[in-house]
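Undergrad: model this:
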Amino acid sequence: MKKVFRVFFRFLLASFVLGSITLVVTYLVVAKDLPDVDTLRDVQLQVPLRVYTQDGKLISVFGEKRRIPVSIDEMPTHLKNAFIAGEDARFFVHPGVDYQGITRAV
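TA: Sure thing, here's the model as predicted:
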């Protein structure tokens, strides 16, 4: 019985060490390509150019990406619920980290 326990313990220890090494190496490889946090916080949406006449009538809209920023209050409730259901069905149940979902994924 002690031999089985030793083998199992060695396997767990080796798995932990290899997993830790893998995480550190992955971080070191990926970290150099990650953008700066301040860059991520400063989001500039590409809003199309709108050309108006002198009296305020819209002539045309130019630009490939027609993004118009809206606040969360302007979004329909069904759209918010659809995003939540698609991303995390238990969003309103857990305290911020869905341990049940993480366990299921593992």
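Undergrad: if I look at Leu49, how far off is Arg6?
TA: For Leu49, the distance to Arg6 equals 71 Å [Cβ to Cβ, to the nearest Å]. Heads up, the C-betas are built off the backbone N, CA and C, glycines and all.
Undergrad: Oops, could you answer that again for Ser71 instead?
TA: Where Arg6 is concerned, Ser71 sits at a distance of 61 Å (Cβ to Cβ).
Undergrad: Show me which of these two is the more surrounded one.
TA: Applying other Cβ atoms under 10 Å to Ser71 and Arg6 shows that Arg6 carries more neighbours, namely 10 against 6.
Undergrad: Reduced to three states, what does that one come out as?
TA: helix (DSSP: H, G, I helix; E, B strand; the rest coil).
Undergrad: same deal with Ser60?
TA: Once three-state DSSP is applied, Ser60 turns out strand.
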